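Enquirer: no FASTA, just this:
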């Protein structure tokens, strides 16, 4: 075999290995569970009790949006227990008035750790559920899949809120800052308005 052809084949093999390794790493990141203890925000809140379960994903964006949403609920007098979607997350949801599920979208579906968490809960027994999803592009493309997932687990879907990294979240220009900053502010305001409707 000529030296030139051998070098091309070696380069091709190295590229394939690098691509395969990158895809394996991405798959691991998407499926990886993050374990955090259950923490409480606004422990004295009396308007209602919510459980927020976050699948963090591969960026800080979902957690930023979730934190803003939780702050909005707290401002309206809600007590919020928060954890991440893992095998150690509580599945005892009986004492909660609202379950808030937060996840990035991968392949038009919520992240695998959140899907696994919902499978462990099994039956939400008609609990009120709000979903906060984040995506690179249009989060609305995943709404139907999210609605079907909630229905499959017998949850009463109250609302789905979606925010994007690369698509404008605020086309009317009502908020200031970067696109992600606007999403965070919008999530806060959406939570305060949503909490008002629940009372």
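Expert: Cool, got the structure. Note that the structure is a prediction, hence the values are computed from the model and not measured.
Enquirer: show me this protein divided up by domain.
Expert: With domains defined by automatic domain parsing, the chain comprises 1-31, 39-198.
Enquirer: what's the average pLDDT for the longest one?
Expert: Confidence over domain 39-198, taken as the mean pLDDT, stands at 92.
Enquirer: same check on the first one?
Expert: Taken as a whole, domain 1-31 has an average pLDDT of 66.
Enquirer: show me what the helix or strand containing residue 105 is packed up against.
Expert: Following DSSP states H and E, one finds residue 105 within strand 98-106. Judged by 3 or more CB pairs under 8 Å, 6 or more residues apart in numbering; DSSP states H and E, the packing partners of strand 98-106 are strand 48-54, helix 61-75, strand 109-110, helix 112-121, strand 128-135. Where you see a C-beta, it was placed from the backbone N, CA and C, and this is true even at glycine.
Enquirer: relative to the whole chain's centre, how far out is the very next helix or strand once past the last one?
Expert: Read that as strand 128-135. Sequence-wise, the next helix or strand downstream of strand 128-135 (DSSP H and E) is helix 143-152. Relative to the mean C-alpha coordinate of its chain, helix 143-152 is positioned 14 Å out (CA atoms, centre = their mean, to the nearest Å).
Enquirer: pull out the buried positions in helix 143-152.
Expert: For helix 143-152, the neighbour count (16 or more other CB atoms under 10 Å) marks 143, 146, 149, 150 as buried.
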